[in-house]
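Chemist: What follows is a predicted protein model with its sequence.
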Number of protein chains: 4
Amino acid sequence: MDLGMIGLGRMGGNMARRISRAGHRVVGWARHPEVVRAVAAEGVIAAESIEDLVARLKPPRAVWVMVPAGAPTEEVVASLAERLAPGDVVIDGGNSYFKDDVRRARLLAARGVLHLDAGTSGGVWGLERGYCLMVGGDRSAFDLLEPIFRALAPGRGAAPPTPGRTRAGGAEDGYLYCGPHGAGHFVKMIHNGIEYGLMQAYAEGFDVLRGAAGPGVPDELRYELDLAEIAELWRRGSVVASWLLDLSAAALAGDPRLEGFTGAVDDSGEGRWTVQAAVEEGVTANVLAAALFTRFRSRQASTFGEKLLSAMRRQFGGHREAARSGGGDR
Amino acid sequence: MDLGMIGLGRMGGNMARRISRAGHRVVGWARHPEVVRAVAAEGVIAAESIEDLVARLKPPRAVWVMVPAGAPTEEVVASLAERLAPGDVVIDGGNSYFKDDVRRARLLAARGVLHLDAGTSGGVWGLERGYCLMVGGDRSAFDLLEPIFRALAPGRGAAPPTPGRTRAGGAEDGYLYCGPHGAGHFVKMIHNGIEYGLMQAYAEGFDVLRGAAGPGVPDELRYELDLAEIAELWRRGSVVASWLLDLSAAALAGDPRLEGFTGAVDDSGEGRWTVQAAVEEGVTANVLAAALFTRFRSRQASTFGEKLLSAMRRQFGGHREAARSGGGDR
Amino acid sequence: MDLGMIGLGRMGGNMARRISRAGHRVVGWARHPEVVRAVAAEGVIAAESIEDLVARLKPPRAVWVMVPAGAPTEEVVASLAERLAPGDVVIDGGNSYFKDDVRRARLLAARGVLHLDAGTSGGVWGLERGYCLMVGGDRSAFDLLEPIFRALAPGRGAAPPTPGRTRAGGAEDGYLYCGPHGAGHFVKMIHNGIEYGLMQAYAEGFDVLRGAAGPGVPDELRYELDLAEIAELWRRGSVVASWLLDLSAAALAGDPRLEGFTGAVDDSGEGRWTVQAAVEEGVTANVLAAALFTRFRSRQASTFGEKLLSAMRRQFGGHREAARSGGGDR
Amino acid sequence: MDLGMIGLGRMGGNMARRISRAGHRVVGWARHPEVVRAVAAEGVIAAESIEDLVARLKPPRAVWVMVPAGAPTEEVVASLAERLAPGDVVIDGGNSYFKDDVRRARLLAARGVLHLDAGTSGGVWGLERGYCLMVGGDRSAFDLLEPIFRALAPGRGAAPPTPGRTRAGGAEDGYLYCGPHGAGHFVKMIHNGIEYGLMQAYAEGFDVLRGAAGPGVPDELRYELDLAEIAELWRRGSVVASWLLDLSAAALAGDPRLEGFTGAVDDSGEGRWTVQAAVEEGVTANVLAAALFTRFRSRQASTFGEKLLSAMRRQFGGHREAARSGGGDR
């Protein structure tokens, strides 16, 4: 089938390639012409503008938007709202906030245009491994787009069958209709929240492993552990085996002390929204919140709060401040 | 080679079977005779006592202790210390505290007996998948025991090669010499600490997913999500894919609302020791601590601390206490 | 001066009394006539409706709204917007969300009515001790209302002077102009967020004190501590002395085991908004978040997340669930 | 009565002064002669050695040890054990670990010497305000020392009576017999654990206040708050009033942006031991643990765990690291 793809960056470009390789006709457009040329060389049809992209698609048109969440997505969706016709479909594959989906779907519905929110996981490996797709929105649009989802998703064979599972198909194919508008991005949001938590669990664990050779540890209990080997070991037969561990092992294999990193860690909106959703729902989420806060802290040399701790200590005990150790050391 | 196995429960029994199937001569003993008979039917030689087990092994003898940490392990190791000869080896495969290893190794060394601490992961799946082995202690004993470790471990093929890894062998085989006495159990301890953190990240995430249909959520943002399908979906191509997710998917496939559980979650010593090691080392571990504290809290109907919060609120604001909802509901 | 007071509950009623005792003319109205009668007996002029209340005030009129945040406040402010004249002032003394202040102030400004948001702390003790007032909004309205703030606030003598403080007056009087619309409620919101954190610190500490006599503690380290005496002790000369500790001591003096409480602890919006503000700002707030989550957890018999932990443990290790202890016990 | 005081630093020196002013005969010794001379000028009798100090006291002798916990205390107690006679008393007023008290008391008991562990709070303000004393150990020794405790403690008038309290005396005097050996230091340990939690609650709250003017906050919700004034305000009539808030107000009055601090915050043993006690008892302590971990983190430029987060993000998403902001900024 036909698909328009707006945004051809690390994610969108590879997705266009994967859909195209599966035999579909993909028309692509992006803000930077060189990016469009790169995918055009691999079978994607290059459009010159959003208008041109819309014109090159057969109705009912389906346009996948794969640009950053927030203003860029807002702008592209608004532009499509003006150019698409009743029965056409906009798929937002970015990391939009689920409440924005509800609002935008209403905007599009006023013109008869359908909306899908398609949370997409897979990163730079998706071209090869396939993309995991969490979809919300108009059910009829989901049905229409299934060939595209099938092309993008990893497929049933990507994991062994789950013992005890009786349902056939569905999520096993690597894509899922999750519910009404926003449901796909809601599920993707929690997915990323969990991802933060998992990453932080490994981070703390490896930090304690490394600390076994740190200052203050008595000689008898001092271990100089080979973190890269331990990561490699746990990939086989242990309870903590995971894809994130595979990636950790790869990172540690190449740079065992991670000297190529400063440790200032960004966060996308989804970790924040997950904590806010937990707070709104009244659900306990200490681990997800701590994982998020670690990232906030990692980007600051110090906090005002820590200075206040020092100030109080000086007030009541006359205490001097501690020395600070260098990066990654204790 | 010959191996004695003391303790033939869920872990020890299957390990004896796996070693025996690999062609080694295993002599087994356990406190309960029916447990011994069960493995004897599958090729393991039944001993009638620890003394008998020691007598049936060719020197240098190697005896694997697979009994609960604490008093039971203490007792068996003391008993072996009296019966083994210089050059023999005791392998503690249980979940012992690494500081106990250091102490016990010194005790055995006084009699010329070698000691290995072999942290063992794999659970009830190990018989089939193999066991991940984290080994510390006397290096010469490790070398002697390698055929046994090789028989137990999952082996190189259990996971795809790590990109960028240049070292051959080692951890890829599924077992690793981690360092001096206690190092194996130290690494296993952190492994379990990470396990707690990973489990808690999934637990919180699924709780927020479920909360999307909870009371107080506005209709427009209300999602009745199919948690079993979402777990199944994430197994393919997503960043949060892991063995623990595979198990979650299996659990949810059979009991989508987890009605067979009360939610009172035990903790073994290792989660506690991990937090204590972090505190001793001066390493930040909010996620690992929160995961542990969740388990503490899960086993209580309420805490004294929560009552004190209510008492303060009544004092300053005349506030009444809230109502409590039923299990798993909000 | 004249003041209208809408809402005469635990907070509003006592505030009307305190203002009236200071010699101002207070006209009060509340939904429940018996509440109006109660304050009328103590010098507050009873109004029969909002309309009547407005009619009985001399312009420029000032009306203090002391009703629950959310819908009730929304409704009263809307009603006042229709009845007040340019130059009049609405003071929202409840626990409104600061973003709502900004919106409502704009609504009132369209009619020339001024708005103040006055975060008010003091609880049931305010009548006697005075109320701490955090005020945001139109500066001219603040200046107009200063006699009222002065009547409500505890006054300079309520605390010894701060060493090193050079500024005269200002916050020392117990009320403060914090900034533009919403600033007062923003500061009150953080005040409550801190309150949650302080309360939780005491709660955990007393829980550990009590745990010193809990099961599993070795005899030699077992202490049966008198928590009421310890709270009393810390009130004198210790670093943890505070008003919340005074209240804890009072609660424990009357009910040393807090048997009159279930431990299900409510949360008002402000603890939630504080965590959300921290997340929006990118500020680390593990303690404030943990304090909030403790309250969520306290109101549930168990969580779905805890059931998922149990389910995973059964899957990988065949583990049975733990038993649950009774309220406040371990 | 007579009292020996070993250690005359910030704490011990002022305590010797306060006891001496109350009319007792204090014999002091410290490692540094100039420190001894300083207190000798104020009525404390200078000893030339521990031996000399013991010789100058009338039996039954009571010697208060006020030196750093760990090796220094160990050494002084051992030295006293050799020099004191049956019926004499050693009081450990430092921040010793409660398990060490149990061990040392046994050592002293073998020679008939009694032991008290006296947790002491009050900091540099104690000379004037009095010291809060949490005492464990031999009851008969406590009775003997009561005149000294009374001299050190703030006394009944230091706080208004607790409503509902029926017991006379006891903790109201500012000192308390808490229980057998170690009980005093156990209570002091928890006191400090709570102190960490309280401090962190204020630190996070002020950080969120400050963040209201941080980057990324929309103009309409941007507040430039005067933190010093807010701290001053909350001292009067608010729920968060406390001595730590008084100290915060003093610190902010002198240095509103806390520019004199780097924010690297030390921790004494007691915060660590509190978390370890919670873990040993199975008590939930997210706030106390988070407060401790914040201090660990504050002393590092970055952590290995944070580098691992960055490394994973590069592996799965090709993400670059974030920039790091300067001290106290965001």
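Modeler: Here it is on my side, so go on.
Chemist: where along the stretch 51-200 of chain A do the helices fall?
Modeler: With DSSP state H, counting those that start in this stretch as the criterion, the stretch 51-200 of chain A has helices at A:71-83, A:98-109, A:126-129, A:139-152, A:183-211.
Chemist: Ranked by average pLDDT, which of those helices falls at the bottom?
Modeler: The weakest mean pLDDT among these belongs to helix A:126-129, with a mean of 93.
Chemist: Name the residues of it that are buried.
Modeler: Residues of helix A:126-129 classed as buried: A:126-127, A:129 (neighbour count, 16 or more other Cβ atoms under 10 Å in any protein chain shown). The C-beta positions use only the backbone N, C-alpha and C, and glycine is treated the same way.
Chemist: List just the nearest of those to chain B.
Modeler: Nearest to chain B among the buried residues of helix A:126-129 is A:Arg129, at 5.4 Å by Cβ to the nearest Cβ.
Chemist: now that closest one, nearest residue through space, not along the chain?
Modeler: Nearest non-adjacent residue to A:Arg129, counting by Cβ to Cβ, 6 or more residues apart in numbering or on different chains: B:Gly237, 5.4 Å away.
Chemist: What is the three-state secondary structure of that neighbour?
Modeler: Here B:Gly237 is recorded as coil under DSSP: H, G, I helix; E, B strand; the rest coil.
Chemist: Pretty sure it sits against A:Gly126.
Modeler: Yes. Shown here, B:Gly237 and A:Gly126 form a contact pair, counting by Cβ atoms under 8 Å, at 6.8 Å.
Chemist: on that earlier part again, against A:Cys132, how distant is the residue nearest to A:Arg129?
Modeler: From B:Gly237 over to A:Cys132 the distance is 4 Å, taken as Cβ to Cβ, to the nearest Å.
Chemist: Please, which helix or strand holds A:Ala301?
Modeler: Assessed by DSSP states H and E, A:Ala301 sits inside strand A:300-302.
Chemist: tell me the mean pLDDT for that strand?
Modeler: 94.
Chemist: Run through who's touching the helix or strand following that strand.
Modeler: Per DSSP H and E, the first helix or strand lying C-terminal to strand A:300-302 is helix A:304-317. Outside helix A:304-317, the residues that touch it by Cβ atoms under 8 Å, 6 or more residues apart in numbering or on different chains are A:319-321, C:239, C:283-284, D:10, D:123-125, D:199-200, D:202-204, D:206-207, D:210, D:243-244, D:247-248, D:250-252, D:255, D:258, D:260-266, D:294-295, D:298, D:327-328.
Chemist: what lines up beside the strand holding A:Ala301 in the sheet?
Modeler: strand D:325-327 (parallel) (DSSP bridges).
Chemist: Just the endpoints, please. Distance across stretch A:155-162?
Modeler: One end of stretch A:155-162 sits 14 Å from the other (Cα to Cα, to the nearest Å).
Chemist: wait, what's in contact with the residue of the stretch 1-150 of chain A found nearest chain C?
Modeler: Nearest to chain C, among the residues of the stretch 1-150 of chain A, is A:Tyr97, at 12.6 Å (Cβ to the nearest Cβ). When contacts are counted by Cβ under 8 Å, 6+ apart, A:Tyr97 touches A:69, A:185, A:189, A:269, A:273.
Chemist: again, but for A:Arg129
Modeler: A:122, A:154, A:158, B:237.
Chemist: do stretch A:146-159 and chain B meet?
Modeler: Yes. Using Cβ under 8 Å from any Cβ of the partner chain, stretch A:146-159 reaches chain B at A:153-155, A:158-159.
Chemist: Output these in a markdown table; the columns should cover pLDDT and neighbour count.
Modeler: Listed next are those as a markdown table, based on pLDDT from 0 to 100; neighbours: other Cβ atoms under 10 Å in any protein chain shown:
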| residue | pLDDT | neighbour count |
| --- | --- | --- |
| A:Ala153 | 97 | 26 |
| A:Pro154 | 96 | 23 |
| A:Gly155 | 92 | 16 |
| A:Ala158 | 93 | 17 |
| A:Ala159 | 94 | 19 |
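Chemist: Pick out whichever of those sits closest to C:Ile6.
Modeler: A:Ala153 (58.2 Å; Cβ to Cβ).
Chemist: How about that closest one, nearest residue that isn't a chain neighbour?
Modeler: A:Gly174 (3.1 Å).
Chemist: Quick check on that neighbour: phi, psi?
Modeler: In terms of degrees, to the nearest 10, the main-chain angles of A:Gly174 are phi 90, psi 10.
Chemist: Kindly tell me how buried A:Gln315 is, as a neighbour count.
Modeler: Per other Cβ atoms under 10 Å in any protein chain shown, the neighbour tally for A:Gln315 reads 22.
Chemist: Could you check the pLDDT of it?
Modeler: On the pLDDT scale, A:Gln315 gets 94.
Chemist: same check, this time on A:Met134
Modeler: Listed pLDDT for A:Met134 reads 98.
Chemist: Run through the bridge partners of it.
Modeler: Note on A:Met134: beta-bridge partners by DSSP bridges are A:Gly119, A:Leu176.
Chemist: Checking A:Leu3 next. Helix, strand or coil?
Modeler: Judged by three-state DSSP, the three-state class of A:Leu3 is strand.
Chemist: That one contacts A:His24, doesn't it?
Modeler: Yes. A:Leu3 is in contact with A:His24 according to Cβ under 8 Å; the separation is 5.9 Å.
Chemist: In chain A, where is pLDDT below threshold?
Modeler: Residues of chain A meeting the criterion pLDDT under 70: A:326-330.
Chemist: so what's the residue nearest to A:Ala153 up against?
Modeler: With contacts defined as Cβ under 8 Å, 6+ apart, A:Gly174 is in contact with A:130-133, A:153-156, A:158, B:233, B:236-237.
Chemist: do that again at 10 Å, thanks
Modeler: Going by Cβ atoms under 10 Å, 6 or more residues apart in numbering or on different chains, A:Gly174 touches A:122, A:129-133, A:149-150, A:152-159, B:232-238.
Chemist: Buried among those residues? Need that as a selection in PyMOL.
Modeler: Selection of the buried residues among the contacts of A:Gly174 in PyMOL, burial being defined by 16+ other Cβ under 10 Å:
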select buried, (chain A and resi 122+129+130+131+132+133+149+150+152+153+154+155+158+159) or (chain B and resi 232+233+234+235+236+237+238)
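Chemist: Adding distance to B:His32, write the buried residues of helix A:126-129 out as a markdown table.
Modeler: Converted to a markdown table, those look like this (distance: Cβ to Cβ, whole Å):
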| residue | distance to B:His32 |
| --- | --- |
| A:Gly126 | 52 |
| A:Leu127 | 55 |
| A:Arg129 | 47 |
